[in-house]
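1. Sequence and predicted structure, then a few things I'm wondering about:
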Amino acid sequence: MEAFGPPEILRVPGGWDLAMHRAPPARELAPGRELTLPSESRSYDGDGEFSGPVPLLLLHGFTGSARSWPVAQVDRLARQRKVLAFDLPGHGSSTVPPEAVGASFESVVDDLAWALGSAELGRVDLLGYSMGGRTALGLAVRHPDRVRNLILESASPGLATADARTARLADDRALAGRILAQGLERFVEQWEALPLFDSHSHLDDETKTRLRETRMANDPAGLAWSLRVMGTGAQPSYWAEIGGVIRPTLILTGGLDGKFEAIGDRMAQALPHPERLLVPGCGHTPHLEAPKAWGRGVEEFLAHRDAHPVVKGRRS
């Protein structure tokens with residue numbers, strides 16, 4: 001069973017193909033739902049007809065794809081709103097920009113913002129995990145008109161100093177070279193053995209198998225490109241900008257992920273409209289390790305924000 005349907009391919013200005021997936025709607029919007037939503041929480045189709053609450057867009061982490069998200073929880077969310085997922089460049093069914101284009105982290109962010117307009121999605125509620133969370137934050141900083149609410153799972157605004165970014169970029173490029181030299185299977189084995197994923201030892205066999213299959217379905221050259229262009233070393237630091245992110249933001253981390261718990265706490269102190277969710281008993285991937293708690297937290301945050309949107313930096 002899959003959470004999302006087959007990809008719809010969008011050729012973006014950067015010259016690469018972006019795969020967009022839609023979750024099948026579980027049911028029609030309840031009658032009268034439009035009347036209970038403030039105008040800021042409503043979404044309209046290309047004909048100007050009310051189509052439900054603002055859509056939710058999911059952005060996966062490194063080595064993932066639209067298949068990374070928990071099926072049951074996506075299905076629950078799709079009962080309330082449109083739910084979509086992008087395959088980030090070099091992952092799933094998305095390609096990478098041509099070498100001649102000279103793509104950067106922020107040019108990819110700009111391509112994603114263009115795609116939202118091209119697909120007539122307008123504003124979205126945006127949920128990103130890890131690399132997807134860093135990308136989501138870039139969208140909120142560079143294209144705030146495209147984001148209504150923001151959910152950052154195990155994410156970071158980036159490395160604060162140029163020296164730290166330079167060192168990390170060198171490490172990311174070296175890892176990209178090893179992927180190409182050693183092959184995908186060896187890389188995935190090494191990636192899964194990182195201390196960051198120690199808590200995955202408690203995952204059930206079905207989830208472990210699906211996670212491995214998703215990773216192995218990626219193209220080694222695409223993953224290597226992603227490390228060089230979308231990795232932590234290539235990402236600009238957004239620490240100075242997050243104070244201007246006026247969108248309500250849920251910072252979600254696992255209780256066993258001390259590094260990202262500390263980063264999340266610091267982000268929550270800097271954001272104008274933060275909410276904080278610490279999921280106990282799991283590490284870097286709450287959506288896999290504690291999917292029910294993750295789904296409940298996302299659902300409650302969005303329901304509250306549907307009823308009480310922030311308009312021009314002020315709560316309605």
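-> That came through, no problem. Numbers count the residues shown, from 1 in each chain.

2. what about the chain, any weak spots by pLDDT?
-> By pLDDT under 70, the low-scoring segments of the chain are 26-52, 100, 311-316.

3. Which residue ranges of it form helices?
-> For the chain, the helices defined by DSSP state H cover 33-36, 71-78, 105-118, 131-142, 162-182, 184-192, 205-216, 220-230, 258-270, 286-289, 291-307.

4. Out of those helices, which is closest to His21?
-> When these are compared by Cβ to Cβ, helix 71-78 sits nearest His21, at 10.1 Å. Using the backbone N, CA and C atoms, a C-beta is placed for each residue, glycine as well.

5. Could you check how far Arg142 is from Leu10?
-> When distance is defined by Cβ to Cβ, to the nearest Å, Arg142 is 19 Å away from Leu10.

6. For the most centrally placed residue in the chain, which residues are in contact?
-> Centroid-nearest residue in the chain: Gly128, 2.0 Å away (criterion: Cα atoms, centre = their mean). Taking Cβ atoms under 8 Å, 6 or more residues apart in numbering, we find Gly128 in contact with 58-59, 134-137, 151-153, 155.

7. Same question for Gly92.
-> 7, 19, 64-67, 217-218.

8. 7 Å instead, please
-> Gly92 makes contact with 19, 65-66, according to Cβ atoms under 7 Å, 6 or more residues apart in numbering.

9. what do you get for Thr95?
-> Thr95 makes contacts with 16-17, 89, as judged by Cβ under 7 Å, 6+ apart.

10. Make JSON lines out of these and add distance to Ala174.
-> Shown next, in JSON lines, are these (distance: Cβ to Cβ, whole Å):
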{"residue": "Trp16", "distance to Ala174": "24"}
{"residue": "Asp17", "distance to Ala174": "28"}
{"residue": "Pro89", "distance to Ala174": "20"}
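
11. Of the residues you listed, which belong to strands?
-> Judged by DSSP state E, strands contain the following of these: Asp17.

12. Among the contacts of Thr95, which one has the most neighbours?
-> Pro89 (26 neighbours; other Cβ atoms under 10 Å).

13. residues touching that one, list them.
-> Contacts of Pro89 (Cβ under 7 Å, 6+ apart): 16, 95-97, 108, 226.

14. what's the answer for Ala155, then?
-> 128, 130, 133-134, 137.

15. Which of those residues sits closest to Thr232?
-> Distances from Thr232 to the contacts of Ala155, taken by Cβ to Cβ, are shortest for Arg134, at 7.3 Å.

16. was I right about that closest one contacting Pro236?
-> No - using Cβ atoms under 7 Å, Arg134 is not in contact with Pro236, being 9.9 Å away.

17. Neighbour count: the two, which is higher?
-> Remark: of Arg134 and Pro236, Arg134 carries more neighbours, 26 against 19, as counted by other Cβ under 10 Å.

18. List the contacts of Arg123.
-> Applying Cβ under 7 Å, 6+ apart to Arg123 gives the contacts 54, 146-148.

19. Please repeat the previous calculation with a cut-off of 8 Å.
-> By Cβ under 8 Å, 6+ apart, the neighbours of Arg123 are 43, 54, 145-148.

20. What sits closest to it if chain neighbours are left out?
-> Nearest residue to Arg123 in three dimensions, chain neighbours excluded: Arg148, at 4.6 Å (Cβ to Cβ, 6 or more residues apart in numbering).
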